[in-house]
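[1] I'll drop the sequence and a predicted model, then ask my questions.
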Protein chains: 2
Amino acid sequence: MSDAAPLEIPSGFRASGVKAGIKPSGSPDLAVIVADSTCSAAGAFTTNRVAAAPVRWDRAIVPSEAIRAIVINAGNANAATGAEGFENARRTAEVAAERLGCQAEHVLVASTGVIGHQLPMDRVEAGVIAAIDAATDDPSGFHAASAAILTTDSRPKVVSLRRKTETGKTIRLLGLAKGAAMIGPRMATMLGFLVTDARVQMGTLQGILSEAVEETFNCISVEGHTSTNDSVLMLSGARGELPLRGADLTLFAGMVREACESLSRMIPDDGEGATHLITVEVRGCRDRDQARQVARAVADSPLVKTAIHGADPNWGRIVSAAGYSGVMFDESELSLDLDGVPLYRDGAPVAFDAAAVSDRIKNNREVTITLTLKQGDASIRFWTCDLTAEYVRLNADYTT
Amino acid sequence: MSDAAPLEIPSGFRASGVKAGIKPSGSPDLAVIVADSTCSAAGAFTTNRVAAAPVRWDRAIVPSEAIRAIVINAGNANAATGAEGFENARRTAEVAAERLGCQAEHVLVASTGVIGHQLPMDRVEAGVIAAIDAATDDPSGFHAASAAILTTDSRPKVVSLRRKTETGKTIRLLGLAKGAAMIGPRMATMLGFLVTDARVQMGTLQGILSEAVEETFNCISVEGHTSTNDSVLMLSGARGELPLRGADLTLFAGMVREACESLSRMIPDDGEGATHLITVEVRGCRDRDQARQVARAVADSPLVKTAIHGADPNWGRIVSAAGYSGVMFDESELSLDLDGVPLYRDGAPVAFDAAAVSDRIKNNREVTITLTLKQGDASIRFWTCDLTAEYVRLNADYTT
């Protein structure tokens, strides 16, 4: 959570998490988020050409004004599963729809886990029915959902916001996410779910979500491997209110941005084996895409990530990663600061106290790398984690 | 070496490796390759925007018909060192030129080691003179050079070829390389040096080298971090023979290709902490660049590399890496084999004996991943290594 406050559940939504028996561990592995009436829905999805079956299902549906539920399973990604996998995604939605009295196209689905295995549909179907029946508007339901969507995460990722608008409305926004590996930043990375009791028209909702995702979920990585299943889904207004307008909509967009940023930072912070959360700030670029391209190259460099793990202010690895990012610049335009300490100015090294910078990295979980070019005013912040021997250990034996 | 044969030294060349005191360890760290008379020279260099000073020096000179020597130092990359660094590269060439009785522009330089520190020029200058004086056409000189250019490499990388042409000429081609990390595949990766007694005109030589580099040094990675210093330099004909023509030139181009492939495979095979050499074959693509783009995404994925390290046939990581490579394809066009065992056909999983495939990976140092698309006839082979906890250990404390 972004703070210690209790969850504020947006009115009109219920949730649950159950043990469907998909994970061999027997941990909770199936969650639902149910709306009392039809919602606006927006989504952002992986750009991986090997997109998972649930991604293909949802992508055909959102944005929508008629969504009633999201069904999420962990333990099996339903990715690279061919036609049978797509039919299983459709059938999952259908089973939920039958229980809710709506159509399959009113239900979104999401999956995460191992790639290349068919879903155990008997267990999934029974789990969907049990989860819908167990869904509650009590915070316990959302806590249960946040736990049931995890795979190798060490902790649930939840954010809860409440704001009063100038027109006196109360907006509640609740977000859930999962992800600790196979986190690459080329779309909405990982699974994220946002629900709000503010009613926003689907086109507007999609625009607000897409913009927020660009600067949050699309600005994180663990190891740079873009998943087949990444999805961020957002449901708005389950109680039939009038759509937000004007200043209220601006306030709401800010809340979405804040919730997405909170959730997306939690992912590299919980990256497999991570001991540091690294913020890569890139400034002075022509546009946001260029800034992100530089940031991503730095964030995805195993040499940068291992240097931070070793509390080693080996800044040559950082400037050289910027150098191969594909962005055209002259070396003399480049400067670098680490936690505010200048290391490199206009293409030449700066004398600095390496032992002090090393101690600073060693004694803090968060590190900020700031790269400055001289090409414009665009900037970006990108979040990643360090690369540790524990990451290797965890990933050298995940399926077998 | 590609085989156990003794080194065949191309006539007209001498070499040496000495301890100049650049490496704190006191190991040999300065090598020279000297030609008896002016050579044709070709080169291929990093595309990193933060190019090292020696790269900027050489790039302005090659191709050339007037090269007399290459000076190589290890222990200091002379990269990200600003104007002072460039002056040091020029001065290094000048000191060698004075000793050889030629001009600075007739000497190429190369550096490898830590980024961001100025070269200790007093030691470099004394080392250059000592190395030139020690240079010999005995194989011992080239063995010494191959050792003096190493950094974290566990062993020297040398290839020696001899072929008889149809016209009765004997061509000798000797290659040296170094590199075990900061190996990314966006140019001539790492340092490579080729010398031959065949005389080839500089334009032709550059064409032959560039073509060979495209399919060899540009098809390897350790962790995908493109260095600031990558250079492959080739010297041809130090004895004033007539240039090769026709079938002799074709034979020679084949030798260059073979030598480059041998050397480039040695680099990921000696990748820091590596326990497997992984060949990624990509077939059925529209063109070579597209095939390489897919291969690079697979080869650079930490999830693929850790899976191979764990002898885990977790093929979903491989197909999903192909999926985010940026190459457009439909999932149903994609097939995957691992060491010849079909795992995925036309977008759907194939039943296979996971334990047998795992055993096969565990018991062999080499693994071949074959991805097949259905878009054309172009293919590529790309070499990388697995990612191990030892790599993390080595890189978490390299400078401090």
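    Arrived safely.
[2] once you drop chain neighbours, what's closest to the residue in the stretch 251-400 of chain A that chain B sits nearest to?
    As assessed by C-beta to the nearest C-beta, chain B sits closest to A:Gly316 within the stretch 251-400 of chain A, at 2.4 Å. The way it works is simple: take the backbone N, C-alpha and C, and place the C-beta from them, glycine included. Counting by C-beta to C-beta, 6 or more residues apart in numbering or on different chains, B:Ile115 is the residue found nearest to A:Gly316 once chain neighbours are left out, at 2.4 Å.
[3] I'd assumed A:Ile318 was in contact with that neighbour.
    No - applying C-beta atoms under 8 Å as the test, B:Ile115 and A:Ile318 come out as separate, 9.5 Å apart.
[4] so where is the stretch 151-300 of chain A shaky, pLDDT-wise?
    Applying pLDDT under 70 to the stretch 151-300 of chain A flags the ranges A:183-189, A:240.
[5] let's see that with 50 instead.
    A:185-189 (pLDDT under 50).
[6] how many other residues sit next to the residue of it found nearest chain B?
    Across the stretch 151-300 of chain A, the shortest distance to chain B (C-beta to the nearest C-beta) belongs to A:Thr226, at 3.6 Å. Counted with other C-beta atoms under 10 Å in any protein chain shown, the neighbours of A:Thr226 add up to 26.
[7] so it lies in a helix, does it not?
    No - secondary structure of A:Thr226 (DSSP: H, G, I helix; E, B strand; the rest coil): coil, not part of a helix.
[8] does the residue nearest to A:Gly316 sit in a helix, a strand or a coil?
    coil.
[9] over to the one 10 residues further on?
    With three-state DSSP as the basis, B:Glu125 sits in helix.
[10] correct me, but it touches B:Ala93?
    No - B:Glu125 lies out of contact with B:Ala93 (C-beta under 8 Å); the separation is 11.3 Å.
[11] neighbour count for these two, which is higher?
    Between B:Glu125 and B:Ala93, counting by other C-beta under 10 Å, B:Ala93 is the more crowded of the two (25 against 19).
[12] mind showing which ranges of the stretch 1-150 of chain A have poor pLDDT?
    In the stretch 1-150 of chain A (pLDDT under 50), the answer is A:1-4.
[13] would you list the phi and psi of the residue in it positioned nearest to chain B?
    In the stretch 1-150 of chain A, the residue that lies nearest chain B is A:Ile115 (2.4 Å; C-beta to the nearest C-beta). Dihedral angles of A:Ile115 (phi, psi; degrees, to the nearest 10) stand at phi -90, psi 140.
[14] how many residues are close by it?
    Neighbour tally, A:Ile115, other C-beta under 10 Å: 27.
[15] which residues in chain A form helices?
    A:53-59, A:82-100, A:121-134, A:139-148, A:202-214, A:246-269, A:288-299, A:302-309, A:316-323, A:354-362, A:389-396 (DSSP state H).
[16] buried stuff in the longest one?
    Going back to what we said before, that points to helix A:246-269. A:248-249, A:251-253, A:255-269 (16 or more other C-beta atoms under 10 Å in any protein chain shown).
[17] output it as CSV - backbone C-alpha positions only.
    Taking Å, rounded to 0.1, in the frame of the first residue of the first chain, the C-alpha atoms of helix A:246-269 are listed here in CSV:
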residue,chain,number,x,y,z
GLY,A,246,-14.4,19.6,-16.0
ALA,A,247,-12.3,20.1,-12.9
ASP,A,248,-13.6,16.9,-11.3
LEU,A,249,-12.3,14.9,-14.3
THR,A,250,-8.9,16.6,-14.0
LEU,A,251,-8.8,15.7,-10.3
PHE,A,252,-9.7,12.1,-11.2
ALA,A,253,-7.0,11.9,-13.9
GLY,A,254,-4.5,13.0,-11.2
MET,A,255,-5.7,10.2,-8.9
VAL,A,256,-5.3,7.6,-11.7
ARG,A,257,-1.8,8.8,-12.3
GLU,A,258,-1.0,8.7,-8.6
ALA,A,259,-2.4,5.2,-8.2
CYS,A,260,-0.6,3.9,-11.2
GLU,A,261,2.7,5.4,-10.1
SER,A,262,2.3,3.9,-6.6
LEU,A,263,1.5,0.4,-7.9
SER,A,264,4.1,0.5,-10.6
ARG,A,265,6.9,1.5,-8.2
MET,A,266,5.9,-1.4,-5.9
ILE,A,267,6.8,-3.9,-8.7
PRO,A,268,10.5,-3.3,-9.1
ASP,A,269,10.7,-2.6,-5.4
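[18] longest strand in chain A, please.
    strand A:30-45 (DSSP state E).
[19] now the angle between helix A:82-100 and it, please.
    If you take axes from the mean of the first three to the mean of the last three C-alpha atoms, to 10 degrees, strand A:30-45 sits at 120 degrees to helix A:82-100.
[20] by contact count, what packs against strand A:30-45?
    strand A:13-18, helix A:53-59, strand A:64-76, helix A:121-134, helix A:139-148, strand A:191-196, helix A:202-214, strand A:231-236 (3 or more C-beta pairs under 8 Å, 6 or more residues apart in numbering or on different chains; DSSP states H and E).
[21] next, the buried residues of stretch A:311-319.
    A:Ala311, A:Asp312, A:Pro313, A:Asn314, A:Trp315, A:Gly316, A:Arg317, A:Ile318, A:Val319.
[22] list the residues that contact A:Ile278.
    The neighbourhood of A:Ile278, defined by C-beta atoms under 8 Å, 6 or more residues apart in numbering or on different chains, consists of A:Pro268, A:Ala299, A:Lys305, A:Ile308, A:Glu366, A:Val367, A:Thr368, A:Ile369, A:Trp383, A:Thr384, A:Cys385, A:Asp386.
[23] could you measure from the closest residue to A:Asp153 other than its chain neighbours over to B:Asp300?
    Spatial nearest neighbour of A:Asp153, chain neighbours left out: A:Ala180 (4.6 Å); criterion: C-beta to C-beta, 6+ apart. Per C-beta to C-beta, to the nearest Å, A:Ala180 is found 20 Å from B:Asp300.
[24] circling back: closest one of the buried residues of stretch A:311-319 to B:Ala145?
    Sorting the buried residues of stretch A:311-319 by distance to B:Ala145 puts A:Gly316 at the head of the list, at 25.1 Å, by C-beta to C-beta.
[25] mind listing what the residue of the stretch 1-150 of chain A closest to chain B touches?
    A:Ile115 neighbours (C-beta under 8 Å, 6+ apart): A:Ala52, A:Ala77, A:Ala79, A:Ala80, A:Thr228, B:Asn314, B:Trp315, B:Gly316, B:Arg317, B:Val319, B:Ser320.
[26] same thing with A:Arg239?
    Applying C-beta under 8 Å, 6+ apart, the residues near A:Arg239 are A:Ser11, A:Gly12, A:Asp36, A:Ser37, A:Asp197, A:Arg199.
[27] quick one: the fifth one from A:Glu215, how far?
    I take that to be A:Asp197. From A:Asp197 to A:Glu215 the distance is 24 Å (C-beta to C-beta).
[28] what do you get for the fourth one?
    Distance, A:Ser37 to A:Glu215, using C-beta to C-beta: 31 Å.
[29] what does the third one give?
    Taken as C-beta to C-beta, the spacing of A:Asp36 relative to A:Glu215 amounts to 32 Å.
[30] these two: which is more packed in?
    A:Glu215 (17 against 14).
[31] list the residues that contact the most far-flung residue of chain A relative to its centre.
    Most distant residue from the mean C-alpha position of chain A: A:Ala351, 38.5 Å away (C-alpha atoms, centre = their mean). Listed by C-beta under 8 Å, 6+ apart, A:Ala351 has no contact partners.
[32] ditto for A:Ile72
    Neighbours of A:Ile72 in contact, by C-beta under 8 Å, 6+ apart: A:30-33, A:109-112, A:145, A:148-149, A:191, A:193.
[33] same thing but 7 Å
    Neighbouring residues of A:Ile72 by C-beta atoms under 7 Å, 6 or more residues apart in numbering or on different chains: A:Ala31, A:Ala110, A:Ile149, A:Leu191.
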